[in-house]
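J.: Compute the structure for the input listed below.
(one chain, ligands or ions: 1)
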Amino acid sequence: MLDSHLHADSRSFEDYRAMAVSGISIAITCAYYPYKLTNSTSLLDHFNRIKDFETERAAKNGLDLKVALGIHPSNILNDHDIVLERIKDLIHNKEIIAIGEIGLDKNTLQECEIFKKQLEIADTENFKVIVHTPRKNKFETLKRIKEILLENINPKLVTIDHINLNVIDEVIDEKYQLGITVQPEKMEIDEAIAIFDNYGFDNKMLNSDVSYMRSDILSVPKTVNELKIREYNEKDIAKVSYQNAMNFYGIK
Ligand SMILES: [Zn+2]
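T.: So this is what the prediction gives:
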């Protein structure tokens, strides 16, 4: 299995082990720092930690950790240009598979500006992006995200994450990949399965988005297990829990 979006640096050595034991072989960790950052040096240290230290911690537990680096809308800094320059260099590392997570949270002008700049880098470099959508005002913010994506990037490079039943009609006919986050207080397993029932298994990838807040490191294996119990097609289950993400990110 593959967990397509999480924040591995928030988790313990034992959590890595439990994920691997439960059948997750690959996970994609996204940059996000949960507390106020002083300047670009702090955020770049966070990038280095994920890229070097967390991938090693994961490997010690049998988990292949891939990395997405970017400026999360909650981590915008006054000297963000230094970070953008560093991102341009870092994406040439083989373990970096996307710019992420980026996007809008409170939909401010500054968030939009930094989001656009990162999309421009990805579009120029033909590199994938992982786009965050917020819990609050999800529908309105997603509309703005779509406008910005349309103007700034090839849609085939984009995963829009944390899509739920309330907003999926807004994006289902586009060329984007959709992240389906199963998480306590965000989306239950039944809602994820309802999405697959109504909108199919193509272009969708399951994830846990585990972080510092209440979340479940096993939400992908639990969803897969429920799909198996309900006798869904093995190939369809593999698509949303492994193959779609492997294909999209070109993971070998
Ligand atoms: Zn996240």
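J.: Quick one: low-confidence residue ranges for this protein.
T.: Nowhere does the chain drop to pLDDT under 70.
J.: Beyond the biggest strand by length in it, next helix or strand please.
T.: For the chain, the strand with the greatest residue count under DSSP state E is strand 96-103. The helix or strand immediately downstream of strand 96-103 is helix 109-125, counting by DSSP states H and E.
J.: What is that next one packed up against?
T.: Other elements packing on helix 109-125 under the criterion 3 or more C-beta pairs under 8 Å, 6 or more residues apart in numbering; DSSP states H and E are helix 80-90, strand 96-103, strand 129-132, helix 138-152. All C-beta spots, glycine's among them, are computed from the backbone N, C-alpha and C.
J.: Keeping just the C-alphas, turn that helix into PDB.
T.: Extracted in PDB, the C-alpha atoms of helix 109-125 (Å, rounded to 0.1, in the frame of the first residue of the first chain):
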ATOM      1  CA  LEU A 109      -3.600  37.700  -1.300                       C
ATOM      2  CA  GLN A 110      -0.200  36.700   0.000                       C
ATOM      3  CA  GLU A 111      -1.300  33.000   0.000                       C
ATOM      4  CA  CYS A 112      -2.400  33.400  -3.700                       C
ATOM      5  CA  GLU A 113       0.900  35.000  -4.600                       C
ATOM      6  CA  ILE A 114       3.100  32.300  -3.100                       C
ATOM      7  CA  PHE A 115       0.900  29.600  -4.500                       C
ATOM      8  CA  LYS A 116       1.200  31.000  -8.000                       C
ATOM      9  CA  LYS A 117       5.000  31.300  -7.800                       C
ATOM     10  CA  GLN A 118       5.300  27.600  -6.800                       C
ATOM     11  CA  LEU A 119       2.900  26.600  -9.600                       C
ATOM     12  CA  GLU A 120       5.100  28.500 -12.000                       C
ATOM     13  CA  ILE A 121       8.200  26.600 -10.900                       C
ATOM     14  CA  ALA A 122       6.400  23.300 -11.200                       C
ATOM     15  CA  ASP A 123       5.000  24.100 -14.600                       C
ATOM     16  CA  THR A 124       8.400  25.300 -15.900                       C
ATOM     17  CA  GLU A 125      10.100  22.200 -14.600                       C
END
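J.: where do the strands sit along the stretch 151-252 of the chain?
T.: Per DSSP state E, counting those that start in this stretch, the stretch 151-252 of the chain carries strands over the ranges 158-160, 177-181, 204-207.
J.: re the thing from before, which elements pack onto the longest strand of the chain?
T.: Packing partners of strand 96-103 (3+ C-beta pairs under 8 Å, 6+ apart): strand 26-30, strand 64-68, helix 109-125, strand 129-132.
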